[in-house]
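Visitor: how would this look folded up:
(2 chains)
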Amino acid sequence: MDWISLAGQLFPQGHTIVEQDNFLTGTAQVDGATVNVIGSSGHAPIGVEIALLQAQAVLATVRNFPQRPIVILVDTQGQRLRHRDEMLGINSYMAHLGKCIALARSQGHKIIGLVYDQALSGGFITSGLMADACFALPQATIRVMGLPAMARITKVPLERLTELAKSNPVFAPGPVNYLHMGGIEAIWDGDLALQMAQALRDANPQDRRSAAGLQRGGRSQAFPVAQAVLAHADAP
Amino acid sequence: MNSYLEAHARERLDAVLDAGSFREFLPPSLRIVSPHLGQLDAPVSFDDGVAIGAGRLFGEPILVAAQEGGFMGGAVGEVHGAKLTGLLQRALLERPYAVLLLLESGGVRLHEANAGLIAVSEVMRALLEVRAAGIPVIALVGGSNGCFGGMGIVACCANAIVMSEEGRLAMSGPEVIETANGVEEFDARDRALVWRTTGGKHRYLLGDCQMLVADDSAVFRQAAFALMQECHAGVDAIALTLEALEAEQQFLQDRVDAFGAAVDPLDIWQKIGVADAVNLPMLEADVFVAATAQLRRRP
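Guide: As a prediction, this is how the structure comes out:
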């Protein structure tokens, strides 16, 4: 779905979102209240500039509109794969964006992410995955990499990976797999505006994804291992 | 001199922490392994590539993690990530003097890609919760696999980073960029270019790491403690603040404005006024720091 139809369906009470060079910013009305919106479009590669633009929009929200909710609309092919970005230290820029979102949370802003088209690795980890809860549309693509590339790198035959992917959500792309692992809170179908309003009401600053992954059967170890670390005591 | 680069994770812990003080949580004897690698016929490790625990640094109690580059390049899978997250959550309860992360990682472990990606974001959030609680987090980067991908982001979430000149800190590996955009974009076999772009000296000059040290575990140990003390001397700066992030925004914008047109890191070094920039790669760490400490950019 393109961002214009998405914004229309998400925010029927009105919005001021504009797009420039694949960077989305603006405000929207939800339940009669204003939320600030940031994001990307056109499967944008996230380079240093667009990371800074998004971070700037988050900081301006924290500075000027205390506790106003923030909605992050995700459509990215991942971090930009250029020598220039690496030379400039793109990981610092990505971390900066993630830190700005974490600051907003700590200052009482509710933060909702929505993958409406693509979400890949580095572009996702400092945007939607930093939200209180991240949602996805059913046709969204979420992945670290596709199975053919994974087969090349891991040296596991593609047929085998494809077969395993049917029973184990860790390998294969897709919002349903991320839902089972707790990375996505829910997949939205039907009335998007109602679900956005509900998500903002339910937003919780605690990171509950590993517990959700256990409960939904997609990540059996993450929660118990972290709990075991908390409980570890030296033998007497 | 005790090379940090060549040491394994537990050897680094022994050399960096107070002698004999490391107590490991979920040690290899418990055999907590990745639930995903077996079905791919990939080998497992009884610590899933990371050692975590408690120890002391110059007498101060700290929590610490060390990634093992020898197992799948230190890549983060479900269990590996959960150990890091659990350690950081434990810090909120124990309130150690600091959390110390000895990072060496290629990023997300592709064999368990989706779980690894979510795990790294859980580590990021847990790390920032530790800082929010007023506990400093210090990262050391000096292993032969560097610190890439999601862990390159995690490192930059810490209060401070110590690097050796051999350490590398970046996002996408040169091979990934070359595969995506061609050898003319980034020649992964040009080791000097790779080093200039991702290595400790360049990161130090840009202000992405706070200290640049020689490849010596004893020096890493000193640097880690000095940075922890510095954090405690300015406790209000341990947690994220709006003012600090606004300053970081400006700092990172200034970098793009000043160096965005550079083609090679060498152009940047010359632009910030380093005399004889061509020979920077040859300098020993202490000579290099003496020559550049006043010139380098800093937040």
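Visitor: who's in contact with the nearest residue to residue A:173 once chain neighbours are set aside?
Guide: Nearest non-adjacent residue to residue A:173, counting by C-beta to C-beta, 6 or more residues apart in numbering or on different chains: residue A:143, 3.3 Å away. Yep, even glycine has a C-beta here, placed from its N, CA and C like the rest. Residue A:143 sits next to A:119, A:120, A:121, A:172, A:173, A:174, B:113, B:114 when contact means C-beta atoms under 8 Å, 6 or more residues apart in numbering or on different chains.
Visitor: narrow these to those in helices?
Guide: If you go by DSSP state H, those have A:121, B:113, B:114 in helices.
Visitor: okay if I get those residues as a markdown table plus distance to residue A:190, pLDDT and neighbour count?
Guide: What follows is the ones in helices among the contacts of residue A:143, written out as a markdown table (distance: C-beta to C-beta, whole Å; pLDDT from 0 to 100; neighbours: other C-beta atoms under 10 Å in any protein chain shown):
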| residue | distance to residue A:190 | pLDDT | neighbour count |
| --- | --- | --- | --- |
| A:121 | 29 | 84 | 25 |
| B:113 | 30 | 90 | 27 |
| B:114 | 26 | 93 | 27 |
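Visitor: and these, which is closest to residue B:175?
Guide: residue A:121 (15.2 Å; C-beta to C-beta).
Visitor: shouldn't that closest one be in contact with residue A:80?
Guide: No. Applying C-beta atoms under 8 Å as the test, residue A:121 and residue A:80 come out as separate, 11.8 Å apart.
Visitor: which residue sits closest to the residue of chain A found nearest chain B, ignoring its sequence neighbours?
Guide: Nearest residue of chain A to chain B: residue A:229, at 2.8 Å (C-beta to the nearest C-beta). Nearest residue to residue A:229 in three dimensions, chain neighbours excluded: residue B:86, at 2.8 Å (C-beta to C-beta, 6+ apart).
Visitor: for the one you found, what are its contacts?
Guide: A:225, A:226, A:227, A:228, A:229, A:230, B:25, B:52.
Visitor: the last one: what secondary structure?
Guide: This means residue B:52. Of the three states, residue B:52 takes strand according to DSSP: H, G, I helix; E, B strand; the rest coil.
Visitor: what number of residues lie near it?
Guide: By other C-beta atoms under 10 Å in any protein chain shown, 26 other residues sit near residue B:52.
Visitor: that one bridge partners, please.
Guide: Beta-bridge pairing for residue B:52 (DSSP bridges): residue B:25, residue B:65.
Visitor: helices along the chain, start to end?
Guide: Reading this off chain A. Under DSSP H, chain A gives helices at A:3-10, A:48-64, A:83-88, A:90-106, A:121-125, A:147-154, A:158-167, A:175-181, A:192-202, A:209-215, A:222-231.
Visitor: let me rephrase: I mean chain B.
Guide: Going by DSSP H, chain B shows helices at B:9-16, B:78-94, B:113-132, B:149-155, B:174-181, B:191-198, B:200-206, B:217-233, B:242-259, B:265-271, B:285-292.
Visitor: what distance do you get for residue B:31 to chain A?
Guide: Using C-beta to the nearest C-beta, to the nearest Å, we find residue B:31 at a distance of 12 Å from chain A.
Visitor: then residue B:65?
Guide: 10 Å.
Visitor: residue B:131 now?
Guide: Counting by C-beta to the nearest C-beta - residue B:131 and chain A are separated by 9 Å.
Visitor: who's in contact with the closest residue to that residue other than its chain neighbours?
Guide: The spatially closest residue to residue B:131, leaving aside those adjacent along the chain, is residue B:239, at 5.2 Å (C-beta to C-beta, 6+ apart). Counting by C-beta under 8 Å, 6+ apart, residue B:239 makes contact with A:106, B:131, B:132, B:133, B:134.
Visitor: now the buried members of those residues.
Guide: With burial judged by 16 or more other C-beta atoms under 10 Å in any protein chain shown, the buried subset of the contacts of residue B:239 is A:106, B:131, B:132.
Visitor: closest one to residue A:152 out of those, please.
Guide: Nearest to residue A:152 among those, with distances taken as C-beta to C-beta, is residue B:131, at 38.0 Å.
Visitor: for residue B:236, see how far away the closest one is.
Guide: Residue B:131 sits 12 Å away from residue B:236 when distances are taken as C-beta to C-beta, to the nearest Å.
Visitor: wouldn't residue B:38 be in contact with residue B:77 here?
Guide: No. Contact criterion C-beta under 8 Å: residue B:38 and residue B:77 do not qualify, at 12.0 Å.
Visitor: contacts only, for residue 170.
Guide: Going with chain A. Contacts of residue A:170 (C-beta under 8 Å, 6+ apart): A:177, A:181, A:218, A:219, B:36, B:78, B:112, B:113, B:114, B:115.
Visitor: let's do chain B instead
Guide: Counted by C-beta under 8 Å, 6+ apart, residue B:170 has contacts A:86, A:89, A:90, A:91, B:146, B:147, B:148, B:152, B:197, B:198.
Visitor: try 6 Å this time
Guide: A:86, B:148, B:152, B:198 (C-beta atoms under 6 Å, 6 or more residues apart in numbering or on different chains).
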